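# quick check, what structure comes out for this input:
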Amino acid sequence: MSDGDNDKKMCIIVTKGTLDWAYPPFILATTAAAMDVECTLFFTFYGLQLLKKDVSHLQISTLGNPAMEMPMMGMHMTMPNIVSAIPGADAVASTMMKNMMKKKGVASIEELREMAQEGDVRFVACNMTMDLFEYTKDDLIDGVELGGAATWMEAAKEADINLYI
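Below you'll find the predicted structure:
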């Protein structure tokens, strides 16, 4: 990836598996790759959802997200936490978000993952979490390494930027 002009490195621990939390690590990783910053994404716990072959199931959660606003009818409507108690509320909010993203031309998670891989972003899936949730490498997209905490530590020790998402 690097030609020696810029040997900066970034390492991100990815722990969340919801649609809204899927965007930050991939956007930061693709931006890093475009800026010639070597990047490692270490996926653990629910972050492993983002490495599954099919991510169409990803949803946003209205629970515990008091800042959540959706543009509706020419204004921004906040989603009170009580909305989460309504069956299907997360599915409706997720559909609204996906439609809004498509309308605004926001890249899908699949597109961002592919761009990250094309930019030589390293994807590492946590072995312990894979075992815990009984996932196999066949459940994941191609190009994913398996590793543990020591794998993350090696990447993090060399990184100029370390993030936890």
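# residue ranges with poor pLDDT in the chain?
1-6, 64-67, 70, 72-73, 79-82 (pLDDT under 70).
# any idea how far the closest residue to Ala107 other than its chain neighbours lies from Ala155?
Nearest residue to Ala107, sequence neighbours excluded (C-beta to C-beta, 6 or more residues apart in numbering): Met115, at 7.3 Å. (C-beta placed from N, C-alpha, C; glycine too.) Distance of Met115 to Ala155, given as C-beta to C-beta, to the nearest Å: 20 Å.
# these two: which is more packed in?
Between Met115 and Ala155, counting by other C-beta atoms under 10 Å, Ala155 is the more crowded of the two (23 against 17).
# so which residue is smack in the middle of the chain?
For the chain, Ala22 is the residue whose C-alpha lies nearest the centre (C-alpha atoms, centre = their mean; 2.8 Å).
# residues contacting it?
16, 50, 55, 58, 109 (C-beta atoms under 8 Å, 6 or more residues apart in numbering).
# nearest to Lys8 among those residues?
Leu50 (23.7 Å; C-beta to C-beta).
# the closest one: how many residues sit nearby?
27.
# give me the secondary structure label for it.
Classification of Leu50 by DSSP: H, G, I helix; E, B strand; the rest coil places it in helix.
# the spatially closest residue to it that is not a sequence neighbour sits in which helix or strand?
Spatial nearest neighbour of Leu50, excluding adjacent residues (C-beta to C-beta, 6+ apart): Ala22 at 5.2 Å. Under the criterion of DSSP states H and E, Ala22 resides in helix 19-34.
# kindly report the same for Ala93.
Short version, using DSSP H and E: Ala93 is in helix 89-104.
# what about the closest residue to Leu28 other than its chain neighbours, neighbour count?
Distances taken as C-beta to C-beta, 6+ apart place Ile12 nearest to Leu28, at 6.5 Å, with adjacent residues excluded. Burial of Ile12 is recorded as 27 neighbouring residues (other C-beta under 10 Å).
# likewise the one 4 residues further on?
Around Lys16 sit 17 other residues, with neighbours defined as other C-beta under 10 Å.
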